[in-house]
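Q: Pasting the sequence and the predicted coordinates here, then a few questions.
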Amino acid sequence: YQWLIYIGNNILNLKSISNDPRHFTLSSYTLDSSTTYNVQVTVTSSGNTVGTSSASVLIQVGQSSGVKALIRGGNQVTVYRSIGSIVIDASDSYIIDYPQQTGLIFKWLCVIQSSSNYGNSCPFNDALNSTSSFLSLDISSIEENYKYFYITVLVTDTTTGQSDIAGIYLSITSDPIPIISFGKVNSKYNPNDNVVLTAEITTTNDFASAVWSSSTLTSSNVFLGSVASSPTVLMSLPAGITNIVQLSIPSNNLISGNSYLFQLTANYLSTPIFAATAEVTIVMNSPPSGGSLDVSPDSGFALLTIFQYNTYLWSDEISDYPL
């Protein structure tokens with residue numbers, strides 16, 4: 001078996017990763033979007049009678065799927081003013097068709113959410129001029145009446161001009177609280193996936209406790225502790241370190257097509273009335289829908305009749321293509 005792959009008249013230097021010479025297999029992200037390839041195979045007999053035969057097929061890779069903007073830390077985070085500064089991290093953002101490539105630019109925006117100052121200029125506008133994936137904010141000198149902010153980042157692919165937006169609610173408090181930060185969270189999970197959420201809780205010189213919750217499950221009369229395989233209440237987290245905590249939900253406990261909001265709350269044991277909160281939303285993937293299946297003919301004889309199956313008109317979210 002001799003495999004060749006062309007763009008126009010140019011032969012590409014692409015080798016199959018399959019151990020079976022009958023199959024031509026390429027790793028994901030090898031082919032370019034919006035490009036047509038001609039794959040040709042020539043088969044030569046290995047017996048006493050030498051003969052060859054060739055076949056080819058055109059493969060069209062769809063248009064670029066765009067950009068995915070992501071901010072670490074979840075949807076909402078509360079921080080202690082005395083820590084001095086906070087870094088908003090959008091470095092997990094990526095080009096969907098080329099997740100390993102660079103070429104993204106970042107534009108940061110801020111809206112004050114505090115009712116008494118809504119619409120006023122953010123007190124860290126100079127930092128918003130950054131085009132980096134990291135936004136460092138000095139919160140030590142922010143006035144008491146500036147407490148709630150919504151930070152957004154516009155992520156743009158410099159090659160295609162495609163972009164996406166992500167945001168995070170930032171609350172600043174003068175009360176002593178631990179620092180919570182979520183790790184990387186998948187934007188979508190399949191129902192048969194194990195869902196594992198990981199967060200860091202940084203404590204100073206006091207022990208802390210933490211509680212996982214889900215307002216989405218509670219509204220459906222489902223107790224998070226009944227579906228989670230990990231503890232949802234964590235007591236006596238050590239002081240002066242960064243504690244890694246996880247919430248694990250086994251497969252087939254969350255419903256396809258639904259979005260779920262999870263919260264992590266932490267407080268120092270000595271000041272339980274002051275709590276840090278962070279939250280994250282995940283989406284459970286739903287299967288393709290709306291398709292049809294035709295069989296022709298609709299009756300026949302075993303081992304004699306050739307049946308042809310055709311399926312069409314299936315649809316799904318664009319991010320899940322190709323089907």
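A: Perfect, thanks for sending it.

Q: send the alpha carbons of stretch 171-190 over as CSV?
A: C-alpha atoms of stretch 171-190 as CSV (Å, rounded to 0.1, in the frame of the first residue of the first chain):
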residue,chain,number,x,y,z
SER,A,171,-15.4,41.2,44.5
ILE,A,172,-12.9,42.9,46.8
THR,A,173,-13.4,42.8,50.6
SER,A,174,-11.5,44.2,53.6
ASP,A,175,-12.6,41.1,55.7
PRO,A,176,-9.9,38.4,56.3
ILE,A,177,-10.7,35.5,54.0
PRO,A,178,-8.7,32.8,52.2
ILE,A,179,-7.8,33.1,48.6
ILE,A,180,-9.7,30.7,46.2
SER,A,181,-8.7,30.0,42.6
PHE,A,182,-10.0,27.4,40.2
GLY,A,183,-7.7,25.5,38.0
LYS,A,184,-8.4,24.9,34.3
VAL,A,185,-12.0,23.8,33.7
ASN,A,186,-13.3,22.2,30.6
SER,A,187,-16.0,24.3,28.9
LYS,A,188,-18.0,21.1,28.1
TYR,A,189,-18.1,17.5,29.5
ASN,A,190,-19.8,14.4,28.1
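
Q: Contact partners for the spatially closest residue to Thr232 that is not a sequence neighbour?
A: Nearest non-adjacent residue to Thr232, counting by C-beta to C-beta, 6 or more residues apart in numbering: Trp212, 4.3 Å away. Bear in mind the C-beta positions are built from the backbone N, C-alpha and C, glycine included. Contacts for Trp212 (C-beta atoms under 8 Å, 6 or more residues apart in numbering) come out as Leu224, Ala228, Thr232, Val233, Leu247, Phe262, Gln263, Leu264.

Q: Need the nearest residue in space to Lys107, chain neighbours excluded.
A: Closest to Lys107 by C-beta to C-beta, 6+ apart is Leu154, at 4.3 Å.

Q: in terms of contact, does that neighbour touch Ser93 like I think?
A: No: contact criterion C-beta atoms under 8 Å: Leu154 and Ser93 do not qualify, at 10.2 Å.

Q: intersection of neighbour lists for the two?
A: Contacts common to Leu154 and Ser93, judged by C-beta under 8 Å, 6+ apart, are Ala69, Phe106, Asp164.

Q: Okay, and the last one sits in which element?
A: Assigned by DSSP states H and E, Asp164 falls within strand 163-173.

Q: Next, the buried residues of that strand.
A: Asp164, Ala166, Gly167, Ile168, Tyr169, Leu170, Ser171, Ile172, Thr173 (16 or more other C-beta atoms under 10 Å).

Q: if we take those, which one ends up nearest to Ile5?
A: Asp164 (31.3 Å; C-beta to C-beta).

Q: OK, contacts around the residue nearest to Lys107?
A: Neighbours of Leu154 in contact, by C-beta under 8 Å, 6+ apart: Ala69, Phe106, Lys107, Trp108, Leu109, Ser163, Asp164, Ile165.

Q: quick one: strands adjacent to the host helix or strand of it?
A: Using DSSP H and E, Leu154 sits within strand 148-157. Here strand 148-157 is paired, per DSSP bridges, with strand 104-112 (antiparallel), strand 163-173 (antiparallel).

Q: re the thing from before, and the residue nearest to Thr232, how far from Thr277?
A: 11 Å (C-beta to C-beta, to the nearest Å).

Q: shared neighbours of the two, which are they?
A: Joint contacts of Trp212 and Thr277 (C-beta under 8 Å, 6+ apart) are Gln263, Leu264.

Q: any chance of the strands paired with strand 148-157 in a markdown table, plus distance to Asn9 and mean pLDDT?
A: Below are the strands paired with strand 148-157 laid out as a markdown table (distance: least, C-beta to C-beta, whole Å; pLDDT from 0 to 100):
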| stretch | distance to Asn9 | mean pLDDT |
| --- | --- | --- |
| strand 104-112 | 34 | 92 |
| strand 163-173 | 35 | 90 |
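
Q: Quick one: those strands as TSV, columns for distance to Phe134 too.
A: Below are the strands paired with strand 148-157 laid out as TSV (distance: least, C-beta to C-beta, whole Å):
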stretch	distance to Phe134
strand 104-112	9
strand 163-173	13
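
Q: Sweet, I'm off.
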